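Novice: test case, fold it:
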Amino acid sequence: FLIGLCDGMGSGVNAEKTSSTAISLIENFYKAGFDNEIVLSSVNKLMNINQMEDFATLDLCIVDLNNAFADFIKLGAAETFIRHEMTTSVVHGKSLPLGIVDEIKTSVQKTALQSGDTIILCSDGVEDAFFGFQNLYNFINHLEIGTPQEMADCILQKAKQISRDVLKDDVSVVVARIFQTDI
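Specialist: Residues are numbered from 1 along each chain as shown. So this is what the prediction gives:
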């Protein structure tokens, strides 16, 4: 199962087009059965080939639904949060965004997830609205756990409230919860 957030540089139509193109390519490569390295290298080359400075941050979480292990891949993306029952852990990344350099070095962080864990991906615009990572972390860590949609809405509402409805960048939040089934 793939959870992804792609944030094209800038804002508006061009950023949306860059993000949509990158996510569509990534989704198609994964559906075709390619591994992480081939998918990301290929998409990076395709984005870099036009030399139009169409860069995009990429935040991916690929969950193996058979064993609840997740691969986290971050290319220029803000931190990812994993909200557990009583604590919140963070997945950091230090790579450049897609499309900046010809060859990218991907780093995959493997994490074992538990039933009830909630994965929260946020664009850098959300972190900016919270005036930094620590404030966003504190908010998420103390957030009453509701449905994934309620959590995403709450984070976005708080970002708007803090910035007094004047967001300086696009903001996106994707929230997914892992749960065990009896099947």
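
Novice: please name the nearest non-neighbouring residue to the most centrally placed residue in the chain.
Specialist: By CA atoms, centre = their mean, the chain has its centre lying nearest to residue 59, at 3.2 Å. Nearest residue to residue 59, sequence neighbours excluded (CB to CB, 6 or more residues apart in numbering): residue 77, at 3.7 Å. C-beta coordinates here come from the backbone N, C-alpha and C atoms, glycine included.

Novice: now swap in residue 82 and tell me
Specialist: residue 89 (4.7 Å).

Novice: what's the longest strand in this protein?
Specialist: In the chain, taking DSSP state E as the definition, the longest strand is strand 56-64.

Novice: tell me the helices and strands packed up against that strand.
Specialist: strand 2-8, helix 13-31, helix 36-48, strand 69-75, strand 118-122 (3 or more CB pairs under 8 Å, 6 or more residues apart in numbering; DSSP states H and E).

Novice: tell me which of those sits most buried.
Specialist: Of all those, strand 118-122 has the most neighbours on average by mean count of other CB atoms under 10 Å, namely a mean of 25.

Novice: so that strand versus strand 2-8, what angle?
Specialist: 10 degrees (axes from the mean of the first three to the mean of the last three CA atoms, to 10 degrees).

Novice: who's in contact with the next helix-or-strand element following strand 118-122?
Specialist: Scanning forward in sequence from strand 118-122 by DSSP states H and E, the next helix or strand is helix 124-129. Contact with helix 124-129 is made by 7, 57, 77-79, 133, 136, 155-156, 159-160, 162-163, 167-173, as judged by CB atoms under 8 Å, 6 or more residues apart in numbering.

Novice: now stretch 26-44
Specialist: With CB under 8 Å, 6+ apart as the test, stretch 26-44 has contacts from 2, 4, 6, 22, 25, 58, 60, 62, 71, 73, 75, 98-99, 101-104, 106, 108.

Novice: mind doing that once more with 7 Å?
Specialist: Stretch 26-44 is contacted from outside by 2, 4, 22, 25, 71, 73, 98, 99, 104, 106, 108, using CB atoms under 7 Å, 6 or more residues apart in numbering.

Novice: would you list these in a markdown table and tack on distance to residue 128 and pLDDT?
Specialist: Output for the contacts of stretch 26-44, formatted as a markdown table (distance: CB to CB, whole Å; pLDDT from 0 to 100):
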| residue | distance to residue 128 | pLDDT |
| --- | --- | --- |
| 2 | 26 | 90 |
| 4 | 20 | 91 |
| 22 | 21 | 85 |
| 25 | 27 | 87 |
| 71 | 27 | 92 |
| 73 | 22 | 90 |
| 98 | 20 | 76 |
| 99 | 21 | 74 |
| 104 | 24 | 79 |
| 106 | 25 | 75 |
| 108 | 27 | 84 |
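
Novice: farthest-apart pair in the residues you listed, please.
Specialist: Maximum pairwise distance among those (CB to CB): 21.2 Å, between 71 and 99.
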